[in-house]
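[1] Predicted model and sequence follow; I will ask about them next.
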Amino acid sequence: MNKMNENQLLATSQMMIYRPPEVVFEALVDPVITSDFWFTHGTGRLESGKKVTWRWDQFGVEASIEVEKVTPGQLIRFRWPSDEENTSWRTVEITFSSQADDSTFVEVSEKGFDKSDEHLIQTITGQTEGWALVLSALKAYLEHDIILSVISDHHPHE
């Protein structure tokens, strides 16, 4: 879902994952786990104030991540570059809400889009789609021990 909140453009996605919040959270902060379903390599765990690098070998790209805040089982907030020159950054916030059946509702929002970007709608749509793929891959991995190739297969010729 894309929405406009006052003057803030957001790319958002959400998913119910039938695992406890601490399990879902750990899958996103531990690069050993995350590399099974999203990026191919991460230089370290996500911790408040830490800088890490994520790499997608299949695309030959990497991103520097500045972790702003991590609250175990509840929140991950980081900044990452929105351009190849690392001159513009967007903020991603991932929240984890515990449910009565020991499942977790995960919500992702990304903000900081350049309103003057001539491809703004495509950029927000692409980020929304990307987060939906990440959450789908996470769900399949945690609930069914299946590694979906949705990230690589989304752009197989890049």
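    Yes, it's here. Numbering: from 1, shown residues only.

[2] CA only for contacts and neighbour counts going forward, please
    Will do.

[3] Give the buried residues for the longest helix anywhere in the chain.
    Longest helix in the chain, counting residues (DSSP state H): helix 120-144. Neighbour-count burial for helix 120-144, counted by 16 or more other CA atoms under 10 Å, picks out 123-125, 127-139, 141-142.

[4] Ok, stretch 111-122 next?
    By 16+ other CA under 10 Å, the buried positions in stretch 111-122 come out as 111-113.

[5] circling back to that earlier point, and the longest helix of the chain, what other elements does it pack with?
    strand 2-5, strand 8-17, helix 150-154 (3 or more CA pairs under 8 Å, 6 or more residues apart in numbering; DSSP states H and E).

[6] Now the weakest link among those, please, by mean pLDDT.
    When the helices and strands packed on helix 120-144 are compared on mean pLDDT, strand 2-5 scores lowest, with a mean of 46.

[7] What lies in contact with the helix or strand harbouring Val67?
    In the assignment (DSSP states H and E), Val67 maps to strand 61-71. Residues outside strand 61-71 that contact it (CA atoms under 8 Å, 6 or more residues apart in numbering): 46-56, 75-81.

[8] Select from those every entry located in strands.
    The strands, defined by DSSP state E, take in 51-56, 75-81 from the contacts of strand 61-71.

[9] Show me the two of these that sit farthest apart.
    Greatest spacing in the ones in strands among the contacts of strand 61-71, by CA to CA: Trp56 and Leu75 (23.7 Å).

[10] my guess is Ile151 meets Thr40, correct?
    No - the criterion here is CA atoms under 8 Å, and Ile151 misses it with Thr40 at 10.3 Å.

[11] Using PDB, write out every CA atom in stretch 15-25.
    Output of stretch 15-25 as PDB, limited to C-alpha atoms (Å, rounded to 0.1, in the frame of the first residue of the first chain):
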ATOM      1  CA  MET A  15       2.400  -9.400   6.500                       C
ATOM      2  CA  MET A  16       1.200 -11.700   9.200                       C
ATOM      3  CA  ILE A  17       3.900 -14.300  10.000                       C
ATOM      4  CA  TYR A  18       2.900 -17.300  12.100                       C
ATOM      5  CA  ARG A  19       6.000 -17.300  14.300                       C
ATOM      6  CA  PRO A  20       6.700 -15.400  17.600                       C
ATOM      7  CA  PRO A  21       8.100 -11.800  17.300                       C
ATOM      8  CA  GLU A  22      11.500 -12.700  18.700                       C
ATOM      9  CA  VAL A  23      11.900 -15.400  15.900                       C
ATOM     10  CA  VAL A  24      10.800 -13.000  13.100                       C
ATOM     11  CA  PHE A  25      12.900 -10.200  14.500                       C
END
